[in-house]
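Novice: Structure of the sequence below:
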Amino acid sequence: MAMIKDALSAVPAKPALIIAPLLAVLVLSLYYRDQYHKCVDIRQARAALNAILLAPDSPALFRLADFTDFAWTKVRIVASVVPDTISETCPLDWNWADGERERLLASGRLTAMMFGQQGQIVRYLELRGDEVEFRQVEGNLTPESAVFNLARKSGNAGGVTLTLKK
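Specialist: Purely as a prediction, here's the structure:
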């Protein structure tokens, strides 16, 4: 019994002094865990899309719906994202490495794909516009209409150009 009394006497008189910091740490850790997983998922989705599009044997016709593994009813592709527009900014290089996103943004070579369903954005994906270039894409596209002709860029530039199939 004396051990319990000694242990309790070491606890501050106001439990809030211990509970408040613990709650703050718990809330922040949950937030950053979710943020980390979302950012890593975005990075992996970008890598998977690039792998498909930039592969030497990639098909001449690319259906965006065949790539996605989530439900969506429309996609908007913005070929040159400008600062202060919608984004999924990820801390600590969880999405883009070493300021690459900021350099692409400043040079106008950041492309965004916003997938929506029932008025909500269900996925936001950013691509390097110099590797994957979209042409003749305006407005929202449905899964059925998001079909692109894929052509390799000539010269040393590398990358592909996707033109909306009419």
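Novice: Tell me the pLDDT of the residue lying closest to residue 164 once chain neighbours are set aside.
Specialist: Nearest non-adjacent residue to residue 164, counting by Cβ to Cβ, 6 or more residues apart in numbering: residue 136, 4.8 Å away. (Each C-beta comes from the backbone N, C-alpha and C, glycine too.) Confidence at residue 136, expressed as pLDDT, is 86.
Novice: contacting residues for residue 146?
Specialist: Residue 146 is in contact with 63, 64, 65, 75, counting by Cβ atoms under 8 Å, 6 or more residues apart in numbering.
Novice: and stretch 48-64, C-alpha only, in CSV?
Specialist: Extracted C-alpha coordinates of stretch 48-64, given in CSV (Å, rounded to 0.1, in the frame of the first residue of the first chain):
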residue,chain,number,x,y,z
ALA,A,48,2.6,3.6,-61.2
LEU,A,49,1.0,5.9,-63.8
ASN,A,50,4.4,7.0,-65.0
ALA,A,51,5.6,3.4,-65.2
ILE,A,52,2.6,2.5,-67.4
LEU,A,53,2.8,5.6,-69.7
LEU,A,54,6.6,5.8,-70.0
ALA,A,55,7.1,2.1,-70.6
PRO,A,56,8.6,1.2,-74.0
ASP,A,57,5.7,-1.1,-74.8
SER,A,58,2.9,1.2,-73.6
PRO,A,59,-0.2,1.0,-75.8
ALA,A,60,-1.0,3.7,-78.3
LEU,A,61,-4.4,4.2,-76.6
PHE,A,62,-4.6,4.9,-72.9
ARG,A,63,-7.9,4.6,-71.0
LEU,A,64,-7.6,6.5,-67.7
